[in-house]
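1. Sequence and predicted structure below; questions after.
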Amino acid sequence: MTSGRSAGFRNGIDVRVRLRRDGTTAEAAFDGAWWPRSRDLAVELPELIAALDLLDVRVERFTHPLQPWETVPARKVAVNGRVVRTGAFGTMHPQLVSLTAEGGRRIDLLVVPPEADALTGVRALRMSGQRDERSTPQYVLAAAGSRPVPEVAQLAGRRAV
């Protein structure tokens, strides 16, 4: 017997990945969104690729920024009996990942922070599926209610109190 929180579901709602209904456009900053459960890309990536397979998107290559992932997969990941090449780049936007699908189609996905609460995650996925060429990753995440954890800069020679 499986629980209501089976693999692929968060709080009973499938909120893993969403693509724009009207497809990709050159004007849009991204083509959909992905809400991973953790920052362990070695675990999350195979699940994303399997979910996209169900949407008839056959991923051949996956690229990601060096940050903010804690664990990254090897250069190749086996999913559903095939191999997907991976790569990391320091110049990529930290809130985006890029996929190359069969036929050379490029798909950029906004990454909803894994720490986001259920309402923020659902809102970000919904907003990312709408066509709005003005939307940036920062705009969508802010409008959805996501707040990054503030960083406190340490001054040289001083300790935080």
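-> Right, received. Where do you want to start? Residues are numbered from 1 along each chain as shown.
2. List the beta-bridge partners for residue 89.
-> Assessed by DSSP bridges, residue 89 has beta-bridge partners residue 65.
3. Let the chain start at 565 from now.
-> Let's use 565 as the start, then, which means that last one is residue 653.
4. Tell me who's in contact with it.
-> 627-630 (CB atoms under 8 Å, 6 or more residues apart in numbering). All C-beta spots, glycine's among them, are computed from the backbone N, C-alpha and C.
5. In ChimeraX, how would I select the buried members of the residues you listed?
-> To isolate the buried ones among those in ChimeraX, judged by 16 or more other CB atoms under 10 Å, type:
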select :627,628,629
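6. And for residue 631, nearest residue in space, chain neighbours not counted?
-> residue 658 (5.5 Å; CB to CB, 6 or more residues apart in numbering).
7. wait, I meant residue 639
-> Using CB to CB, 6+ apart and skipping residues adjacent in sequence, the residue nearest residue 639 is residue 650, 5.8 Å away.
8. Just list the residues touching residue 709, thanks.
-> Neighbouring residues of residue 709 by CB under 8 Å, 6+ apart: 681, 683-684, 687.
9. can I get the CA coordinates of the helix or strand encompassing residue 690 in CSV?
-> Assigned by DSSP states H and E, residue 690 belongs to helix 682-692. Taking C-alpha atoms only, helix 682-692 is exported to CSV below (Å, rounded to 0.1, in the frame of the first residue of the first chain):
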residue,chain,number,x,y,z
ALA,A,682,3.7,24.4,-1.1
LEU,A,683,1.8,27.6,-2.0
THR,A,684,4.9,29.4,-3.3
GLY,A,685,5.9,26.4,-5.3
VAL,A,686,2.5,25.9,-6.9
ARG,A,687,2.2,29.7,-7.7
ALA,A,688,5.7,29.7,-9.3
LEU,A,689,4.9,26.7,-11.4
ARG,A,690,1.6,28.2,-12.6
MET,A,691,3.2,31.6,-13.4
SER,A,692,6.0,29.9,-15.3
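10. Show me what it packs onto, helices and strands only.
-> Secondary-structure packing of helix 682-692 (3 or more CB pairs under 8 Å, 6 or more residues apart in numbering; DSSP states H and E): strand 581-583, strand 596-598, strand 670-675, helix 701-708.
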